[in-house]
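Undergrad: Sequence and predicted structure, then a few things I'm wondering about:
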Amino acid sequence: MRKLEELKTGKAKRLYNTDDATVLWVEYLDQATALNGKRKEKIASKGALNNQIDCLLFNYLIQNGIATDFIRQVSATEQLIHPVKMIPLEVVVRNLASGSFQRKFATTYLQPLSRPIVELFYKSDALDDPFINDDQVEVLGLASAAELAAIKQLALQINQLLQSRFAQANLTLVDFKIEVGYLAGQLVLADEISPDSCRLVDQTTQASLDKDVFRKQTGDLTTVYQEVLTRLQNSEVAHVSR
Ligand code: TMP
């Protein structure tokens, strides 16, 4: 497999095509952004940490029956994926109140929700990824009602799996964002799952172990991402050997 020319550079990843039309090469970058890209910083090791966390979580989800675009990790900062026809939605699942939900409804931080909820955002940098409801998704032709039902079901299934995997690492999954699309006609999980796209708190101390430390400038991103990776790796060994 050979990496050919660059196709696109996003906020945290660079995409290349390869000599195989069914394979894309992804490089995770040492870059962090906040405020929809308005604040940008170079952070050493971030690419390697996120790629390793993402590969570990996608492998776990695949082992548990989730269809994804992921093929394999190729280096500390790189992985191979299949090209996917992306649905331009950010699908957020929440278990506890935080972030925009907490601000919007003036709830208490980490207030438990009576059940996990799904929120949808229209993926558009120009529009700042606005909240979008089911009717709006349908009339804009982004997804049909049946497709939306399947997307929400997939998101909630991934939530259950991730909650139990993070719990093994003594982490509570507060909320997360996924992106989905179609691969050979099948709805699949795509893009990334990492502390950039999840909120995680320590089960005991409730300390934040995710990008909130960068967004709120309350801690060192590399230190907390390394902590998440180490805990996941250690609990993976414990899980397999049981
Ligand atoms: P929010 O509370 O700011 O709406 O974020 C909900 C979840 O989605 C949180 O885990 C962070 C993640 N997220 C992204 O991955 N990308 C984004 O652009 C935003 C706004 C949130």
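TA: Good, I have the coordinates. Numbering: from 1, shown residues only.
Undergrad: quick one: contacts for Leu120?
TA: For Leu120, the contacting residues are 89-92, 131-134, 137, by Cβ atoms under 8 Å, 6 or more residues apart in numbering. Glycine gets a C-beta too; all of them are placed from N, C-alpha and C.
Undergrad: Looking at the residues you listed, which are in helices?
TA: Among the contacts of Leu120, the members found in helices (DSSP state H) are 134, 137.
Undergrad: where do the helices sit along the protein?
TA: 46-63, 99-105, 134-139, 145-168, 212-215, 221-241.
Undergrad: Check Asp196 and give its pLDDT.
TA: With respect to pLDDT, Asp196 has a value of 98.
Undergrad: who's in contact with the closest residue to it other than its chain neighbours?
TA: Spatial nearest neighbour of Asp196, excluding adjacent residues (Cβ to Cβ, 6 or more residues apart in numbering): Lys211 at 5.0 Å. Neighbouring residues of Lys211 by Cβ under 8 Å, 6+ apart: 32, 34, 195-197, 221.
Undergrad: Serialize the residues you listed to CSV and add fields for distance to Leu127 and neighbour count.
TA: Below are these laid out as CSV (distance: Cβ to Cβ, whole Å; neighbours: other Cβ atoms under 10 Å):
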residue, distance to Leu127, neighbour count
Ala32, 22, 21
Ala34, 18, 16
Pro195, 26, 27
Asp196, 21, 23
Ser197, 19, 20
Leu221, 27, 22
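Undergrad: Nearest to the spatial middle of this protein, which residue is it?
TA: Nearest to the centroid of the C-alpha atoms of the chain, with distances taken as Cα atoms, centre = their mean, sits Ile193, at 2.7 Å.
Undergrad: Please list all residues in contact with it.
TA: Contact analysis of Ile193 by Cβ under 8 Å, 6+ apart lists 53-54, 57-58, 61, 162, 176, 178.
Undergrad: go with 7 Å
TA: 54, 57-58, 176, 178 (Cβ atoms under 7 Å, 6 or more residues apart in numbering).
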